[in-house]
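Chemist: Any chance you can model this:
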Amino acid sequence: MEVKNIKLPSQLLTQEDVERINRMFESPKRVEHEDTSVFSSAYLEASALLCPVISKHFYNVRTLQIDPLCIRHDESFLGYRPTVSTRFPEASAMIYHTLNIGQSAANDIQLSNFGYCNYISPRHATIFFNEITEQHELLNYSCYGTFINNTLYGNNESTSEMYPKKKHRIRRTRMSRSKKQAISAKLVAISRQERMACSCTSSNFECAHSNWEGSITINHGAVLRFGCISFVFSLVNNSTDSTLT
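Modeler: This next block holds a predicted model:
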């Protein structure tokens, strides 16, 4: 019986076919280059950053949301200097025309992630971009007010006009809430020893500009303080707002 000489599958391919198949399974440099471009294109377009103040001298500009080349490293209005740190909360980008700030998780910036304070509200303030003036402005919603460059702006509310029973009930509610928040803060402080304790007193919020309830223009480098949690407002390089004044 005659045995036929059957060719193997590899012998049926031409040299060009072999080279083409090899090219399909090599060139790792090309794949790496594509991954890098995809990562760089994932940066968001933002008009500003809200950078947390992390010490008496520095504020953190580190963020993964926008291109680092767009971040300014200017000194703030009150002398805080920028730093890039992975140990502290990162800066938050303002990628829409409004940025809501408050204690609750419904806000764009949840203040409880940056520190503990007795004088912050569920919805404390909103930063928005005014398309007419082409400037960023802040609108305060909190009864405790918002500090802008050490000037307190608040709503037209006065605790002295409250009835004694209502004042006592509010004080008792705040004391109960403060105890619960203090317990929570102690548990968090075990893993975050950098967390600063609340240093606010009620007298700090008695001199608010109660007659002004409109928005306040904020410039690049302005220091915003909600209770005792501070941020530096920083424009990115592709923004059109005014410079540090």
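Chemist: who's in contact with residue 59?
Modeler: Residue 59 makes contact with 51-53, 76, 80-83, 230-232 under the criterion C-beta atoms under 8 Å, 6 or more residues apart in numbering. Every residue, glycine included, has its C-beta placed from N, CA and C.
Chemist: one more time with 7 Å, if that's ok
Modeler: 51-53, 76, 80, 82, 232 (C-beta atoms under 7 Å, 6 or more residues apart in numbering).
Chemist: Please apply the same query to residue 67.
Modeler: When contacts are counted by C-beta under 7 Å, 6+ apart, residue 67 touches residue 43.
Chemist: Kindly report the same for residue 99.
Modeler: Contact analysis of residue 99 by C-beta under 7 Å, 6+ apart lists 50, 108-109, 126-127.
Chemist: switch the cut-off to 10 Å
Modeler: Residue 99 makes contact with 46-48, 50, 92-93, 107-109, 125-129, 136, 138, 233, according to C-beta atoms under 10 Å, 6 or more residues apart in numbering.
Chemist: The residue nearest to residue 215 when sequence neighbours are not counted - how many residues pack around it?
Modeler: In space, not counting the residues next to it along the chain, residue 215 is nearest to residue 137; the distance is 4.0 Å by C-beta to C-beta, 6 or more residues apart in numbering. Other residues near residue 137 come to 15 when the count uses other C-beta atoms under 10 Å.
Chemist: which of the residues in whichever helix or strand residue 137 is part of are buried?
Modeler: Using DSSP states H and E, residue 137 maps to strand 135-140. Judged by neighbour count (16 or more other C-beta atoms under 10 Å), strand 135-140 contains these buried residues: 136, 138, 140.
Chemist: Could you spell out the sheet neighbours of that strand, each with its direction?
Modeler: Each strand that pairs with strand 135-140, with its direction, by DSSP bridges: strand 125-130 (antiparallel), strand 216-218 (antiparallel).
Chemist: Just send the ones you listed back as TSV, with mean pLDDT too.
Modeler: Conversion of those to TSV gives the following (pLDDT from 0 to 100):
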stretch	mean pLDDT
strand 125-130	95
strand 216-218	94
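Chemist: still on that earlier bit, taking the contacts of residue 59 one by one, which sit in strands?
Modeler: Counting by DSSP state E, the contacts of residue 59 place 51-52, 82, 232 in strands.
Chemist: what's the farthest-apart pair in the residues you listed?
Modeler: Considering C-beta to C-beta, no two members of the ones in strands among the contacts of residue 59 lie farther apart than 52 and 82, which are separated by 11.4 Å.
Chemist: Output the buried residues of strand 135-140 as a markdown table; include the columns pLDDT and distance to residue 115.
Modeler: Rendered in a markdown table, the data for these read as follows (pLDDT from 0 to 100; distance: C-beta to C-beta, whole Å):
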| residue | pLDDT | distance to residue 115 |
| --- | --- | --- |
| 136 | 95 | 23 |
| 138 | 96 | 19 |
| 140 | 94 | 19 |
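Chemist: Let me know the closest of the residues you listed to residue 148.
Modeler: Relative to residue 148, and with distances defined as C-beta to C-beta, the nearest of the buried residues of strand 135-140 is residue 138, at 6.7 Å.
Chemist: Could you tell me which residues make contact with that closest one?
Modeler: Residue 138 sits next to 99, 101, 125-128, 146, 148, 153, 215-218, 222, 224, 233 when contact means C-beta under 10 Å, 6+ apart.
Chemist: of these, buried ones?
Modeler: In terms of neighbour count (16+ other C-beta under 10 Å), the buried residues within these are 99, 101, 125-128, 146, 148, 153, 215-216, 218, 222, 224, 233.
Chemist: Quick check: the farthest pair among those residues?
Modeler: Across those, the two members that end up farthest from each other (C-beta to C-beta) are 99 and 153, 16.9 Å apart.
Chemist: Which of the helices or strands spans residue 18?
Modeler: The secondary structure element spanning residue 18 is helix 15-24 (assigned by DSSP H and E).
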